[in-house]
Every structure is written in C-alpha cells, then in structure tokens.
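Student: Dropping a prediction and its sequence here:
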Amino acid sequence: MEKESNKLETMRHSASHLLAAAVLKFYPKAKFGIGPAIENGFYYDFDLGATISEQDLSKIENEMLRLKTIDLKIEKETIPKTQALPLFTKLNQDYKLELINEIKAKSVTVYKLGDFVDLCRGPHVSSTRKIGPFKIINTAGAYWRGSEKNPMMTRIYGTAFADEKDLSEYLNNLRQLQKYDHRKIGAQLDLFSFHQQSPGAVFWHPKGKILYENLINFSREIQAKYGYHEVAAPDILNLDIWKQSSHYVHYKNAMYFIQAKNESISYALRPMDCPGEILIYKTQTRSFRELPIRFSEYGTIFRKELSGTLHGLFRVVQFVQDDAHIFVTEEQIKDEISQIIKLAKEVYQTFGLEFKVFLSTRPAEFVGKVEAWDKAEADLKKALINNKMDFEIAEGEGAFYGPKIDFQLQDVFGRSWQCGTIQLDFQMPEKFEMEYVGSSGKPQRPVILHRTILGSMERFIGVLLEHFKGNLPLWLCPVQVLILPIASRHQKAAEKVADELKQKNIRVEVDSRNLTVSKKVREGELDKIPYLCIIGDKEISKDKIKVAVRTRGKDMGQLALANFQKQVISTITNKK
RNA sequence: GCCAACGUAGCUCAAUGGCAGAGCAGGCGCUUCGUAAGCGUCAGGUUGCAGGUUCAAGUCCUGCCGUUGGCUCCA
C-alpha cells in the first residue's frame, strides 16, 4: 500500500514537470519555482511575466498530452554545483539559483524532460508515457516560498491518477462534494445568510438560531459538569487595556476601533475575551484554595480579517467562541490540561467527529524563559499521552506567549480548520500583575490556560453541517417533526398531535398547505426534517391516534402517538 | 492585503454588441389527494455600484463593492 502511494506520488511529481515543459513552450521566458506532488495531485509555481487565462490552460493541457504521447524520456543527471550554477544562470532561472545556493551538498541532481531542465531531487518516472491520465484544475497566486514579502507567482494546480477511472471518479467526487458545502446547506435549510452590508458576518435566521442556541446550551451543560462558571464581559473596552495586554501592539491590524462623538477616549471591539475575564479575576484577592478558577464565556469577538480570507462560516469577522480562561498554579497545569482534553474528547465524540491534534512548540520569537517553555511543553505532552491521544508536533508553531495544543477538524474538501485550542500563557498574568495567595501566605503568580473546544460557534456549525451533510442529529434540528395532514379534514387531528408534541418540548410544525402528500414529503426531505408524520383517515380512530412515520427516507409504518413520542424524546436525550 | 475567476428575478441558469428569458420558489384559482415535484394563471429586473466607448452595452474598457479558488493569516 505504501509502495502504491509512493508510485502515485512519483508519477504526479513527473506530471508537474510535464506541466512545466508545456508552459515553457508558450512562455519561453518563464521562471520556475517549485513543483511538488501534493495530496490528490500536483502544482507548479511559475513567474510568467504575464497573466494566464482559461484558454491558456487548455492549450497547456493539450501540449502536455502531446508531450506525453510522444513519450519523452525523463533523464536524471548528477552534476556538481559549480556546473549547476552557470547552467541555471544561463537559463535565467533566478529562483532555482536561490535554491541551489542553499543546498549544502557539493553536487545536485537535475532532470531533463525535452527542453525543460529542472533542479530536482526526484524521483521521477522514466518517460512521459508512464504519467497517468491528468487534468489541469485551476490557477492561483502563491508567494514565492510562502512569504508575502516575496513576489507572487502563478501556481497551476493539476491532478493525475493511475487510470481514467480513478481520475473521473475523483473529478466527479469533487463536484458531488459541492452539494455538501455548508454555505449551500445553510442557504437551502434557511439557517443563515451573508450580506454585503456586513461582509464576513453571519445573519442567523430563525432556524439557524435554534441550532446555534442548542449547541451553546450543550456546551454550557457539559462545562458546568467540569466545574466551569460562566461570565460575561463587555464587547468594547478602552484602548489602555489592549495596550496593557499587548494585543494592541501585536494585533492592531486585526482590531476594530471605536470613537464616540465628543469623547476623547478610544475603544476597541474585543478581538479576544481574556482581558475582561482577567478584570473579573482581579476583583478579589484569590487564594490557592480557589484554584483552578474556570471562567467560561460565550463572548462575541471581532477580528478584521484580510478580505481574501473570508470563507462562509469557517472564517468570519465577528464570531462567538466557547471560550474559557482557567487560572491555575504551575503545579496544576498538567492535571488541568488533562481535564480539558477529556472534555474535548467527550464533546467531539458526541458528534462522531474525527479530529487531528497538534502540539505546537516554542517559536523563534518568544517571551519568557526557555526552562519554563520546556516544562510547559513537557506537561502538555504528558497530558496528551495520558489521555491516549494521537498527536503530531508542530515545531515552532506555538504562540509567542506559550505552547499550545490544537484540535483540527476537516471540511468536506479535506481542508483543515482549527477549532479547539488549549494555550498556555505565562505572559498575561505578568502584564496584569495577577496574584493568588499561596499556602505560605505569600502572593504567587497564576498561569492562564486559554481554551476553546468547539472553537467558534460559527466554524463549528459549519463543520457539523458538512459532517452530517445537512442531516443534523435530532437534538440540533430546528424542526424535529413535521406533521403532514393528507387532506384538509385531517387538519384538526394534525394540530392536536402537534400540540401534544409541543407540550414535550419537541420542535414540531404542521404543513397544512393544500398540496399532495408526495409534494409535502419531498419538501420535508429536502428540508432534512428527521421525522415526517403523515396523518389521514387510517390514523384517526375514536380511541387512539396514530401517526405514519417516515424518517430520513425510510417508511416506518404506523406508530401509536405515545410510542412515537417516547422514541423521539429518547433520541433527543441521548443526542443521537 | 496579494494572484486569478466570477457577479442577470428569492434560487439554478439562458440571452453573436441589437426587444432581458426559462424552470423552480412566491401570489391567486382549480384539485382534497397515502410516503421525493397535480393542473392552470399572475406577478417578479436600475443585469452588483459608478463612470467610459458605441447609433446601440447584460455583453467591450476603467474604478469600486461583493463572492469563489488559492497564497499569507487564523477560531
């Protein structure tokens, strides 16, 4: 299996060279960046000195096909750097020269494919015919070496597979997945919308709001169990506190500022919740006996994002975190992290979500002592291991104020989105001169754990919609039961059933429109309503009322109302 | 913010530079129906916004706004 995937990767890498060779024909002056194989395909970065259009792409694709058909050899050669440097200088390949200069070895490998000569580690297939069926997907801009300080190159994405069947399956799948994009589902199910009057901010519709509130309540209940206390701080705080927290210095480009008329003080909309919670902490002299103190807050936070980065519910400008700040002694860190991981697991498991865990360690620029960082990283690691978590280490990816654990969930297209995060912070307690009275009677400095589990309500709902393909678990459904009277004479009975279910806090609606049953069933299914109850002559009798139940496309036959009700309530309670 | 593409009715989409149109959704009428679309009819538009070219612009050009795919960043 391992070997198979390596083979595919090699072939895709060769496909990227094939792409480069084709590009070279139409843009003889093109400068080449890098062209690796990636998950599901490959790309190559070019500095073309020109823009590229849709037609150009198909021209390039045709040329690739031609080069493949004439079966060009892909030849490897190892040459000393002293030879490589003049070669790529002659070819005018600045980016390649930059790469060569960074290679420590005395010699480098180059691969030739027709006129195209590339600095490349390889490996490659031996000739172009060995490259499987391919397709150019799209173009994108990408900074050279990923830094916005560098020039922007034209990246062309493509994909290649072992055979036609795999390729068309992949392309087909990609189209299918668009149906499960949360932005599409959100509009279809009338959950939320976006408007240019407030780009990157969500307008929650009545049904979306029900989902939203249920999720928050779930979070509230489970966190209460874990000893959290909910607080609420203001959305606007004056500039001084953001300067004190140093958010102003590090974060001001992402902050919104507010200035009231005739007032000299400037405020900012909070981009984070911490300062507010710290102020609450500081209203009392705290004792070591009180710690850990766990403040949770469902606070709206505001972050001005670069316009090109907004993305449905996944990346917005205004959102609510299931935030918490836990104030602990240094000795308590490990156990508390363990508790948070346990909580996170319990939450994610409720939804059956798969997630990846990353431990992010000390970055190049950091504050505090190295020993403290090492100790903190070791604590985080131990907590992960004790909880039997699989995790990867993201070297140097920690925040400047402390290491962190991130939980990443994936969208339908396989893109990862960070949701939960646990961040250790030694800095904020310093800046705000936070204290607790230790057992010795002397003041001590607490450590802050910043953490979210869902991440943001917005992003998490997006993930859920895609995960369930719109078929949310019953307890989250805006409408849990839809009653469909067959004819107008069944209307009364339908209302009665609805009332009875409402008494039990079941979210129920009656579709009393003058439409055929088939039509109403169709609309109920499209609205992803889990239970459709049909009521007609057969269900109505003198002593007992029944409902004909259909759930998620399956006909369950007739059920006595009491039994149906019991089933619904138990499913809701068990969060199934 | 950067690179590129896109923006027509609530939604999905048509319309060689030459009269802005269809299906669905919506209103009204008929139909009272048994598990994914009953029939008819009516209404719906400053073609994202602002300029420009042209006898004529949804279509071509410029700027802005928004969206999408990436880059960067991040919950």
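Tutor: Looks like it arrived, so ask away.

Student: residues contacting residue A:368?
Tutor: A:401-402, A:426-427 (Cβ atoms under 8 Å, 6 or more residues apart in numbering). For every residue, glycine as well, the C-beta is placed using N, CA and C.

Student: Let's see that with 6 Å instead.
Tutor: Residues in contact with residue A:368 (Cβ atoms under 6 Å, 6 or more residues apart in numbering) are residue A:426.

Student: which other helices and strands contact the host helix or strand of residue A:83?
Tutor: According to DSSP states H and E, residue A:83 maps onto helix A:81-90. Under the contact criterion of 3 or more Cβ pairs under 6 Å, 6 or more residues apart in numbering; DSSP states H and E, helix A:81-90 touches helix A:94-102.

Student: Check which helices and strands whichever helix or strand comes after the helix it packs on sits against.
Tutor: The helix or strand immediately downstream of helix A:94-102 is strand A:107-113, counting by DSSP H and E. Using 3+ Cβ pairs under 6 Å, 6+ apart, the elements in contact with strand A:107-113 are strand A:74-80, strand A:116-119.

Student: Relative to the longest one, what are the paired strands and their orientations?
Tutor: I take that to be strand A:74-80. Counting by DSSP bridges, the strands paired with strand A:74-80 are strand A:107-113 (antiparallel).

Student: Just the mean pLDDT for the helix holding residue A:83, thanks.
Tutor: Across helix A:81-90, pLDDT averages out at 89.

Student: could you check the angle strand A:107-113 makes with that helix?
Tutor: Put simply, helix A:81-90 runs at 40 degrees to strand A:107-113, going by axes from the mean of the first three to the mean of the last three Cα atoms, to 10 degrees.

Student: hmm, back to that, which one of the helices and strands packed on strand A:107-113 lies closest to RNA strand B?
Tutor: strand A:116-119 (20.4 Å; Cβ to the nearest atom of the strand).

Student: okay but residue A:276 is in contact with residue A:235, surely?
Tutor: No: here residue A:276 lies out of contact with residue A:235, judged by Cβ atoms under 6 Å, at a distance of 9.1 Å.

Student: Which one's more surrounded, those two?
Tutor: residue A:276 (21 against 17; other Cβ atoms under 10 Å).

Student: among the helices and strands packed on strand A:107-113, which is the most enclosed?
Tutor: Counting by mean count of other Cβ atoms under 10 Å, strand A:116-119 has the highest mean neighbour count of those, with a mean of 22.

Student: what helices or strands is that one leaning on?
Tutor: By 3+ Cβ pairs under 6 Å, 6+ apart, strand A:116-119 packs against helix A:2-26, strand A:107-113.

Student: tell me the pLDDT at the closest residue to residue A:69 other than its chain neighbours?
Tutor: In space, residue A:69 comes closest to residue A:129 once its chain neighbours are excluded; the distance is 7.5 Å by Cβ to Cβ, 6 or more residues apart in numbering. For residue A:129, the model assigns a pLDDT of 91.

Student: Equivalent analysis for residue A:4, please.
Tutor: The model's pLDDT for residue A:4 equals 62.

Student: Next: residue A:502.
Tutor: Residue A:502 is given a pLDDT of 97.

Student: how many neighbours does it have?
Tutor: 13.

Student: which element is it on?
Tutor: Per DSSP H and E: helix A:491-503 holds residue A:502.

Student: which helices and strands sit right next to that helix?
Tutor: If contacts are counted by 3+ Cβ pairs under 6 Å, 6+ apart, helix A:491-503 sits against strand A:481-485, strand A:508-510.

Student: The first one pairs with which strands, and in what direction?
Tutor: Going back to what we said before, that points to strand A:481-485. strand A:508-510 (parallel), strand A:531-535 (parallel).

Student: Quick check: which of the ones you listed is buried the most?
Tutor: strand A:531-535 (a mean of 26).

Student: contacting residues around that strand?
Tutor: Contacts of strand A:531-535 (Cβ under 6 Å, 6+ apart): A:481-485, A:490, A:493-494, A:524, A:547-551.

Student: What residues sit buried inside the helix holding residue A:83?
Tutor: A:84-85, A:87-88 (16 or more other Cβ atoms under 10 Å).

Student: which outside residues touch that helix?
Tutor: So helix A:81-90 is in contact with A:96-97, A:100, A:108, going by Cβ under 6 Å, 6+ apart.

Student: quick check, nearest of those to RNA strand B?
Tutor: residue A:96 (19.0 Å).

Student: which residues touch that closest one?
Tutor: Contacts of residue A:96 by Cβ under 6 Å, 6+ apart are A:88, A:119.

Student: now with 8 Å?
Tutor: Contacts of residue A:96 (Cβ under 8 Å, 6+ apart): A:32, A:88, A:118-119.

Student: nearest spatial neighbour of residue A:421, skipping sequence neighbours?
Tutor: Per Cβ to Cβ, 6+ apart, closest to residue A:421 is residue A:406, 5.1 Å.

Student: Secondary structure element holding that neighbour?
Tutor: Judged by DSSP H and E, residue A:406 forms part of strand A:404-410.

Student: Just checking: what are the partner strands of the following helix or strand past that strand?
Tutor: Moving toward the C-terminus from strand A:404-410, the next helix or strand (DSSP H and E) is strand A:416-425. Partners of strand A:416-425 in the sheet, by DSSP bridges, are strand A:404-410 (antiparallel), strand A:447-456 (antiparallel).

Student: Any idea how far the first one is from the middle of the chain?
Tutor: Read that as strand A:404-410. Centroid separation for strand A:404-410 versus its chain: 9 Å, with Cα atoms, centre = their mean, to the nearest Å.

Student: where along the stretch 201-350 of chain A do the strands fall?
Tutor: A:203-204, A:229-230, A:236-238, A:257-259, A:266-269, A:293-297, A:300-302, A:318-328 (DSSP state E, counting those that start in this stretch).

Student: which helices and strands sit right next to the second one?
Tutor: Under the contact criterion of 3 or more Cβ pairs under 8 Å, 6 or more residues apart in numbering; DSSP states H and E, strand A:229-230 touches strand A:293-297.

Student: Right, I'll leave it there.
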